[in-house]
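Student: Next input, structure requested:
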Amino acid sequence: LRKHREHDALQERHLTQIEALNRLMDATVQALATTVEVRDPYTAGHQRRVAKLAVAIATEMRLSPERIEGLRLAAVLHDIGKIHVPAEILASPRKLTAAEFEIIKTHPTVGYDILKDIDFTNPVARIVLQHHERLDGSGYPAGLKQEQILLEARILCVADVVEAMASHRPYRPGLGVPKALHEISEHKGQMYDSDVVSACVGLFQSKQFEL
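Tutor: Next up, the predicted model:
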């Protein structure tokens, strides 16, 4: 009986330590995310809204809780690489020049470099690296195609496009959710994963989700 109690106490301490580590990880992730938002106030809340939508899509697609948590972390951090982009480009009230856009395009790789050595239990850094890839190879930074792109990155890509189009930006007013859903539906199976698009559109049409 005494050994049984000692075992239970040890197990309880172990679970308490795991919970403390998880809270620490979450706090660290939030701190990193806030760092980007401080530099780019126009997209404040963007990462959190994208994370919320990405998690809703993944839940609709019945991904495992472990994979959904990895996706949530990646979504909260997906723009961390923008810390490398000059603030005047991030807050530019006009359309970016080709040279400026090339600088913006470095952010997935910079994000990957920042996150790759953190011991996440999921491929968080790779999801961040791939979130601007497109099924037809037209994305960046590596021009990956189809199954070369992680499913979580395909989900994050759609959530990111929908939120970005629907929301206000320094250089344009928000285009609204209907236009964003039209964009992903029009390029379904070509640029965006068909199953992901169907899940996303279904969430909005059934009023299960609002941005």
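Student: Toward the C-terminus from the helix ranked longest in the chain, list the very next helix or strand.
Tutor: Ranked by number of residues, the top helix in the chain under DSSP state H is helix 2-39. Sequence-wise, the next helix or strand downstream of helix 2-39 (DSSP states H and E) is helix 46-60.
Student: by how many degrees do that following helix and helix 2-39 diverge?
Tutor: Angle, helix 46-60 to helix 2-39, by axes from the mean of the first three to the mean of the last three C-alpha atoms, to 10 degrees: 130 degrees.
Student: Quick one: list the elements packing against helix 46-60.
Tutor: helix 2-39, helix 65-76, helix 151-166, helix 194-205 (3 or more C-beta pairs under 8 Å, 6 or more residues apart in numbering; DSSP states H and E). Yep, even glycine has a C-beta here, placed from its N, CA and C like the rest.
Student: cutoff 6 Å now
Tutor: helix 65-76, helix 151-166, helix 194-205 (3 or more C-beta pairs under 6 Å, 6 or more residues apart in numbering; DSSP states H and E).
Student: These: which one's closest to His131?
Tutor: With C-beta to C-beta as the criterion, His131 lies closest to helix 151-166 of these, at 4.5 Å.
Student: so what does the closest one touch, helix or strand wise?
Tutor: Applying 3+ C-beta pairs under 6 Å, 6+ apart, we find helix 151-166 packed against helix 46-60, helix 124-130, helix 177-186, helix 194-205.
Student: can you do 10 Å?
Tutor: Other helices and strands packing on helix 151-166, by 3 or more C-beta pairs under 10 Å, 6 or more residues apart in numbering; DSSP states H and E, are helix 46-60, helix 65-76, helix 124-130, helix 177-186, helix 194-205.
Student: so Ala33 makes contact with Arg49?
Tutor: No - taking contacts as C-beta atoms under 10 Å, Ala33 lies outside contact range of Arg49: 11.8 Å.
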